[in-house]
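In: I would like the atomic coordinates for the input below:
(2 chains)
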Number of protein chains: 2
Amino acid sequence: MNFTQQYNQFKDRIESCLQTYYHDGIEECKTLTDSVKYSLSAGGKRIRPVLMYAVADLIGCTDQKTLDVFAAALEMIHTSSLIHDDLPGMDNDSLRRGVPTNHVVYGEGTAIIAGDTLMFKAFEIAAEHIYKHNPSEGSVKALWMLGLATGYQGMTGGQMIDMESDPEKTGLDRLILMNAKKTGALIDLAIKAPMYITQTEKENEQPLDVYSKAIGQAFQIKDDILDYESTAEVLGKNTSDIRNNKSTYVTILGIDQAKEKLHACYKKACDALRSYGEKADFLQSLAEYVKDRIQ
Amino acid sequence: MNFTQQYNQFKDRIESCLQTYYHDGIEECKTLTDSVKYSLSAGGKRIRPVLMYAVADLIGCTDQKTLDVFAAALEMIHTSSLIHDDLPGMDNDSLRRGVPTNHVVYGEGTAIIAGDTLMFKAFEIAAEHIYKHNPSEGSVKALWMLGLATGYQGMTGGQMIDMESDPEKTGLDRLILMNAKKTGALIDLAIKAPMYITQTEKENEQPLDVYSKAIGQAFQIKDDILDYESTAEVLGKNTSDIRNNKSTYVTILGIDQAKEKLHACYKKACDALRSYGEKADFLQSLAEYVKDRIQ
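Out: Residues are numbered from 1 along each chain as shown, chains lettered A, B, ... in the order given. As a prediction, the model looks like this:
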């Protein structure tokens, strides 16, 4: 199986898994169910679940059901953060994953509640699975780490640093910190969750940590390059960061240096997994995909 | 100790407990920490933690640290729902717990992120506690129930039914359903969490369930009566439901019948706990307090 076939297999797997949650809403508020489903089914690269499944294969995590539940939880939280990020009170974006944003279709109030619902749903399905099927120390740790990765120390902390940043004063250090939290924390958890679940931190934490940091940064640098060089038609979202006068790797480093840094991160990600040998081929190709993608 | 002294003791306990989380934010986004602390420290009746501590005493749940963590988690989620409910895209309220609402002080974007942060924090502290101190089946069940009580089946489902309700067409059944979810689900969890933690569903579920439904409904009917009869100065929040043309127990039943129904719920709550004898005195007085409170 080549890289694309393997990627699509992981992607199909998370799509089927997410589908099982599409109709979990209650009959009396069909609009909320529709709104949640609208954003959750809008696709996207599903890179967090793909990373999780790939690392699971790498380190021998075979508990497929636990992986599916945490992959779905991560994608739910990622989607909820996009819905809230796009709100008029935040980035005020009208296009996402190629379709109008949630609040444009369902209204602001429903979009706020849909985001909240997805956050709660993520923790509900993870805790339910732990209670019913896998009450292991490792899976409880993964759930705790999900809480840490999403709040102050992670995603919402990063969103706030992003919102407050003054582009005139934002240097590279603050940009790196912001990205490490806003998008990096969930990517990091996607990569480390299989390790928590199997309780194999000792063997795997060091290489996975290096890979995670490098690929998280590469992902963001590439996003910033696309925001600068591509169009909304190709990206399926507005190229809004530079329009909104936000600091990006491109505005701070310039386009050439941003591309050099992207390449360095790609190299670092590949090198980090050398000790795993051929088993790491997919994750190394994934680093290349992150570097070369066009959307 | 009389009722008021005991209530204040429980209230002091949750205030100290919440205080330990006030400075959990990261240095780089002080505004977010301030915004979260602003709403979390604004007081309120803290009725969910009080109910939880009181039921714990009633049924002999002695794991104080687990109770504290879940009580704090419940109050965090309740506070987050108030922050989001008050947003311009939802109820657009400017006064809450006697002070300007979060978005009025910190702006809409920060208020959205502060609400999200409190939701994540609630699950983080509960999962961390389970991982480090109490990996019992009962506390994992309580965490799962927290996920269920907050999402579609509970709080956000109720918020959505509320937002979509057409006051011309909303009958008593839909109002009861909406309240049971929007505010009732978290109250229900506050009452049942000690039972989950101690795994004593068999002995306690039936009486606690009747008490919970009755006090949840009494709480909402009284809120609607205060919304009709009281003022923003006394309540510390705007009397906005009737102003916003929402259906309430008063608009549907009329003030006299609403008061009769409140009394019936109060009676039902007290009767539900008769089998516990004197041990239930505080919870019976609490039902009276819910009925007679002026804010």
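
In: number of nearby residues for residue A:143?
Out: The number of residues packed near residue A:143 is 30, by other C-beta atoms under 10 Å in any protein chain shown. Quick note: C-beta positions are derived from backbone N, CA and C, even for glycine.

In: host element of it?
Out: helix A:137-150 (DSSP states H and E).

In: helices or strands up against that helix?
Out: Secondary-structure packing of helix A:137-150 (3 or more C-beta pairs under 8 Å, 6 or more residues apart in numbering or on different chains; DSSP states H and E): helix A:64-85, helix A:108-132, helix A:185-197, helix B:108-132.

In: Can you give me the buried ones in stretch A:272-279?
Out: For stretch A:272-279, burial by neighbour count (16 or more other C-beta atoms under 10 Å in any protein chain shown) applies to A:272, A:273, A:276.

In: ok now it, how far from the chain's centre?
Out: 23 Å (C-alpha atoms, centre = their mean, to the nearest Å).

In: So for that stretch, mean pLDDT?
Out: Mean pLDDT, computed over stretch A:272-279, is 97.

In: how about the strands of chain A, start to end?
Out: Taking DSSP state E, the strands of chain A run over residues A:95-96, A:99-100.

In: Quick one: name the residues of the stretch 151-295 of chain A near chain B.
Out: A:151-153, A:155-157, A:159-161, A:163-164, A:174, A:177, A:181 (C-beta under 8 Å from any C-beta of the partner chain).

In: Just give me the neighbour total for the nearest residue to residue A:141 once chain neighbours are set aside.
Out: In space, residue A:141 comes closest to residue A:196 once its chain neighbours are excluded; the distance is 4.6 Å by C-beta to C-beta, 6 or more residues apart in numbering or on different chains. Other residues lying near residue A:196 total 25 when counted by other C-beta under 10 Å.

In: need the contact list for residue A:196.
Out: Residue A:196 sits next to A:138, A:139, A:141, A:142, A:145 when contact means C-beta atoms under 8 Å, 6 or more residues apart in numbering or on different chains.

In: Can you tell me which of those residues lies closest to chain B?
Out: Distance to chain B across the contacts of residue A:196 (C-beta to the nearest C-beta) is lowest for residue A:141, with 5.4 Å.

In: ok, the closest one touching residue B:131?
Out: Yes. Here residue A:141 reaches residue B:131: they are 5.4 Å apart, a contact under C-beta atoms under 8 Å.

In: neighbour count winner among these two?
Out: Using other C-beta under 10 Å as the criterion, residue A:141 and residue B:131 rank with residue A:141 on top: 22 against 18.

In: tell me the mean pLDDT over the helix holding residue A:143?
Out: The model assigns helix A:137-150 a mean pLDDT of 98.

In: Distance from the chain centre to it, please.
Out: Chain-centre distance of helix A:137-150: 16 Å, with C-alpha atoms, centre = their mean.

In: Flag every buried residue along it.
Out: In terms of neighbour count (16+ other C-beta under 10 Å), helix A:137-150 has its buried residues at A:138-150.

In: Kindly reformat those as JSON lines containing distance to residue B:111.
Out: Formatted as JSON lines, these follow (distance: C-beta to C-beta, whole Å):
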{"residue": "A:138", "distance to residue B:111": "36"}
{"residue": "A:139", "distance to residue B:111": "33"}
{"residue": "A:140", "distance to residue B:111": "31"}
{"residue": "A:141", "distance to residue B:111": "32"}
{"residue": "A:142", "distance to residue B:111": "30"}
{"residue": "A:143", "distance to residue B:111": "27"}
{"residue": "A:144", "distance to residue B:111": "26"}
{"residue": "A:145", "distance to residue B:111": "27"}
{"residue": "A:146", "distance to residue B:111": "23"}
{"residue": "A:147", "distance to residue B:111": "21"}
{"residue": "A:148", "distance to residue B:111": "22"}
{"residue": "A:149", "distance to residue B:111": "22"}
{"residue": "A:150", "distance to residue B:111": "17"}
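
In: what's the closest of those to residue A:39?
Out: Nearest to residue A:39 among the buried residues of helix A:137-150 is residue A:150, at 16.8 Å by C-beta to C-beta.

In: Next, give me the two most distant ones among the residues of the stretch 151-295 of chain A next to chain B.
Out: A:151 and A:174 (19.5 Å).

In: Comparing those two, which shows the higher neighbour count?
Out: Set side by side, residue A:151 and residue A:174 show more neighbours around residue A:151, with 27 against 18, by other C-beta under 10 Å.

In: Got the confidence number for the nearest residue to the more buried one once chain neighbours are set aside?
Out: Excluding the flanking residues, the one nearest residue A:151 by C-beta to C-beta, 6+ apart is residue B:120, at 3.8 Å. Residue B:120 is assigned a pLDDT of 98 by the prediction.

In: again with residue A:243
Out: pLDDT, residue A:243: 60.

In: try residue A:60
Out: 97.

In: Looks like it contacts residue A:197 (just checking).
Out: No. With contact defined as C-beta under 8 Å, residue A:60 does not count as touching residue A:197 (11.1 Å).

In: Look at the two and report which has more neighbours.
Out: When neighbours are counted by other C-beta under 10 Å, residue A:197 comes out ahead of the other of residue A:60 and residue A:197, with 25 against 11.

In: measure that one to chain B for me?
Out: 13 Å (C-beta to the nearest C-beta, to the nearest Å).

In: Find the nearest non-adjacent residue to that residue, please.
Out: In space, residue A:197 is closest to residue A:138, 4.7 Å off (C-beta to C-beta, 6+ apart).

In: wait, that neighbour sits on residue A:198?
Out: Yes. Counting by C-beta under 8 Å, residue A:138 does reach residue A:198; the two are 6.2 Å apart.

In: for chain A, what helix or strand is lowest in average pLDDT?
Out: helix A:240-243 (a mean of 63; mean pLDDT, DSSP states H and E).

In: Output the below-cut-off pLDDT ranges for chain A.
Out: Applying pLDDT under 70 to chain A flags residues A:239-244.

In: got JSON lines for the strands of chain A, with mean neighbour count and distance to residue B:282 too?
Out: Formatted as JSON lines, the strands of chain A follow (neighbours: other C-beta atoms under 10 Å in any protein chain shown; distance: least, C-beta to C-beta, whole Å):
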{"stretch": "strand A:95-96", "mean neighbour count": "20", "distance to residue B:282": "51"}
{"stretch": "strand A:99-100", "mean neighbour count": "14", "distance to residue B:282": "53"}
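
In: Take these and write them to JSON lines, including distance to residue A:246.
Out: Shown next, in JSON lines, are these (distance: least, C-beta to C-beta, whole Å):
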{"stretch": "strand A:95-96", "distance to residue A:246": "17"}
{"stretch": "strand A:99-100", "distance to residue A:246": "22"}
